[in-house]
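Undergrad: Dropping the sequence and predicted coords here.
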Amino acid sequence: MIFGIGTDIIDIKRVERSVSNDNGFKEKVFTQHEIDYCEPLKSKYQNYAARYAAKEAFFKAIGTGWRGGLKFTEIEIVNDKLGKPEILLYGKAKEFAQENGFEKVHVSLTHLKEYANSIVIIETK
């Protein structure tokens with residue numbers, strides 16, 4: 001059964017400005033694994049933006065938005081062996097998923113020159 005669906009689109013330049021500033025944004029929003037993945041890429045800001053959009057889409061899919069003590073770094077976007085994006089949850093986000101019987105969290109990322117988009121679909125038993 002579908003628990004929730006969320007989507008987000010973001011201007012890549014906005015994320016680029018935030019990530020480039022030395023104000024702690026990058027470390028507040030992205031896990032070290034995500035930073036290690038994005039930094040060496042030529043299209044690193046597109047990849048940061050897509051991951052940011054996925055986190056926002058996840059918050060929309062759970063129906064609460066970004067509140068209740070959940071942190072952006074408790075939602076990690078990784079890629080499987082074939083490059084398919086997946087969401088890993090930690091801390092309160094993982095507890096929320098367990099309490100609500102999340103069976104599967106689907107995520108799709110896409111980005112162009114100016115925009116990044118993500119869709120998240122959460123299934124329960």
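TA: Yep, it's here.

Undergrad: Do I have it right that residue 94 meets residue 76?
TA: No: checked against Cβ atoms under 8 Å, the pair residue 94 and residue 76 is beyond contact range at 10.6 Å. Any C-beta I mention is one placed from the backbone N, CA and C, and that applies to glycine too.

Undergrad: higher neighbour count, these two?
TA: Ranked by neighbour count (other Cβ atoms under 10 Å), residue 94 and residue 76 place residue 76 first, with 21 against 14.

Undergrad: Follow the chain on from the strand or helix carrying that one and name the next helix or strand.
TA: Element membership of residue 76, judged by DSSP states H and E, is strand 75-79. For strand 75-79, the following helix or strand on the C-terminal side (DSSP H and E) is strand 85-89.

Undergrad: Relative to residue 42, how far out is the residue nearest to the spatial centre of the chain?
TA: In the chain, the centroid-proximal residue (Cα atoms, centre = their mean) is residue 55; its distance is 2.8 Å. Distance of residue 55 to residue 42, computed by Cβ to Cβ, to the nearest Å: 23 Å.

Undergrad: again, but for residue 96
TA: 36 Å.

Undergrad: Verify the stated contact: residue 77 with residue 86.
TA: Yes: here residue 77 reaches residue 86: they are 7.4 Å apart, a contact under Cβ under 8 Å.

Undergrad: and for the two, which residues touch both?
TA: residue 107 (Cβ atoms under 8 Å, 6 or more residues apart in numbering).

Undergrad: the more surrounded of these two?
TA: Taking residue 77 and residue 86 together and counting by other Cβ under 10 Å, residue 77 has the greater number of neighbours (25 against 13).

Undergrad: What score does that one have for pLDDT?
TA: We have a pLDDT of 98 for residue 77.

Undergrad: tell me the contacts of it?
TA: Per Cβ under 8 Å, 6+ apart, neighbours of residue 77: 34, 50-51, 54-55, 85-88, 107, 109.

Undergrad: Please repeat the previous calculation with a cut-off of 7 Å.
TA: By Cβ atoms under 7 Å, 6 or more residues apart in numbering, the residues touching residue 77 are 34, 51, 54, 85, 87, 107.
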